[in-house]
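Novice: dropping a prediction and its sequence here:
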Amino acid sequence: MKAFYLFTGSDGHSHFKIGSIINQSLVKTISTQFKETPAFSTYDWHNAPVLQYVITLKGKLEFKMHDNSTFVIEPGDVLIANDLTGSGHQWKLIDENPWQRAYCIFAEPLDIDKIFKEDE
């Protein structure tokens, strides 16, 4: 399952890694919230409020980092949002669909290496 790991680097800026969710990784969550944002919406610079999975169900969006690097999330992709501090990220919807997603808040501290494998 394709995944993006979004984190704050030692330079205080948000960065990302592309990889996948490790099969068989079981993670306890304390809540799940579903949300929908209208097509062609944008969200300016912000940080993730908590460490969470953001699972895209519908819509295609582009994320942008402080250094102008970008990545695109499509339905079925998982974002592990962990840039809780620093410069943050922004996103914009780039197709005609609303962004439908599920936020899954982790119940306990998480060892990213147990759930995420970076592409080589």
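Specialist: Nice, I can see it. Numbering: from 1, shown residues only.
Novice: ok, the residue sitting nearest the centre point of the chain - contacts?
Specialist: Residue closest to the average C-alpha location in the chain (CA atoms, centre = their mean): Leu79, at 2.7 Å. By CB atoms under 8 Å, 6 or more residues apart in numbering, the contact set of Leu79 is Ala3, Phe4, Leu6, Tyr53, Val54, Ile55, Thr56, Phe63, Ile73. Every C-beta, even on glycine, is put in place using the N, C-alpha and C of the backbone.
Novice: any chance you could map the strands in this structure?
Specialist: Assigned by DSSP state E, the chain shows strands spanning 2-8, 14-21, 29-37, 42-46, 52-58, 61-64, 70-73, 78-82, 89-93, 99-106, 116-118.
Novice: parallel or antiparallel, list what pairs with the shortest one.
Specialist: Put plainly, it is strand 116-118. strand 14-21 (antiparallel) (DSSP bridges).
Novice: got the angle for the strand it pairs with vs strand 2-8?
Specialist: Interaxial angle of strand 14-21 relative to strand 2-8 (axes from the mean of the first three to the mean of the last three CA atoms, to 10 degrees): 150 degrees.
Novice: which residues touch strand 14-21?
Specialist: So strand 14-21 is contacted by 1-9, 47, 63, 65-66, 69, 71, 78, 83, 86-89, 115-119 (CB under 8 Å, 6+ apart).
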